[in-house]
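# Curious how this folds, go ahead:
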Amino acid sequence: MSEETRSQWLKIVLVASGVIFLVGVAALMQVWPAGFAWTPRQYEYEQMIMGVYAILGIFLLLASRAPAKHHSLILFAGWSSVVHGLVMGAQAVVDETERTHLIGDVPALIVIGVALILLAPSTRQRSSQEQTN
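This next block holds a predicted model:
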């Protein structure tokens, strides 16, 4: 994949994941609570996680304008999403009442995380961006 194509895909993934984190997490908790909210409902936890993900979503949207300048943020969003998904997956396997998360937010977080990690700006992209500034 060329650097240009990779950069275009990264921008698409940043915008999509930014929007999902900004408004999608809250919406999915309401539309499909079995796949995106924990049982019993813990509204204080849900408000906290929605706030954290909404802010991350805003910063991912901002990063989509110049991804090479936001390498650390992109990798943080990617790795933290993968780890969050893996921890939740392990918890869902152990707690049979939470198994639907294995087809809900667990794969969603892992897919977003892996995409961000794989598409993160390369060292060459960051170097060329720094030289132009």
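
# which residues of this structure fall in helices?
3-19, 25-31, 33-36, 43-63, 71-94, 105-119, 123-132 (DSSP state H).

# Most tightly packed of those helices?
Neighbour counts (mean count of other C-beta atoms under 10 Å) averaged over each of those peak at helix 105-119, with a mean of 19. Where you see a C-beta, it was placed from the backbone N, CA and C, and this is true even at glycine.

# any idea how far Ala63 is from the closest residue in space to Leu62 that isn't next to it in sequence?
Counting by C-beta to C-beta, 6 or more residues apart in numbering, Leu62 lies nearest to His70, which is 7.7 Å off, once chain neighbours are set aside. Note on His70: its distance to Ala63, by C-beta to C-beta, to the nearest Å, is 4 Å.

# For the protein, spot the helix or strand the model is least confident about on average.
Within the chain, no helix or strand scores below helix 123-132, which has a mean of 59 by mean pLDDT, DSSP states H and E.

# that older thread, show me what contacts the residue nearest to Leu62?
Phe59, Leu62, Ala63, Pro121 (C-beta atoms under 8 Å, 6 or more residues apart in numbering).

# Try it again at 10 Å.
The neighbourhood of His70, defined by C-beta atoms under 10 Å, 6 or more residues apart in numbering, consists of Leu14, Phe59, Leu60, Leu62, Ala63, Ser64, Phe76, Ala77, Ala120, Pro121, Arg126.

# The fifth one: what's it in contact with?
Going by C-beta under 10 Å, 6+ apart, Ala63 touches 10-11, 14-15, 18, 69-74, 77, 116, 121.

# could these be laid out in JSON lines, adding pLDDT and distance to Val83?
Formatted as JSON lines, these follow (pLDDT from 0 to 100; distance: C-beta to C-beta, whole Å):
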{"residue": "Leu10", "pLDDT": "98", "distance to Val83": "20"}
{"residue": "Lys11", "pLDDT": "98", "distance to Val83": "24"}
{"residue": "Leu14", "pLDDT": "98", "distance to Val83": "19"}
{"residue": "Val15", "pLDDT": "98", "distance to Val83": "23"}
{"residue": "Gly18", "pLDDT": "98", "distance to Val83": "19"}
{"residue": "Lys69", "pLDDT": "95", "distance to Val83": "24"}
{"residue": "His70", "pLDDT": "97", "distance to Val83": "19"}
{"residue": "His71", "pLDDT": "96", "distance to Val83": "18"}
{"residue": "Ser72", "pLDDT": "97", "distance to Val83": "16"}
{"residue": "Leu73", "pLDDT": "98", "distance to Val83": "16"}
{"residue": "Ile74", "pLDDT": "98", "distance to Val83": "15"}
{"residue": "Ala77", "pLDDT": "98", "distance to Val83": "11"}
{"residue": "Leu116", "pLDDT": "98", "distance to Val83": "13"}
{"residue": "Pro121", "pLDDT": "93", "distance to Val83": "21"}
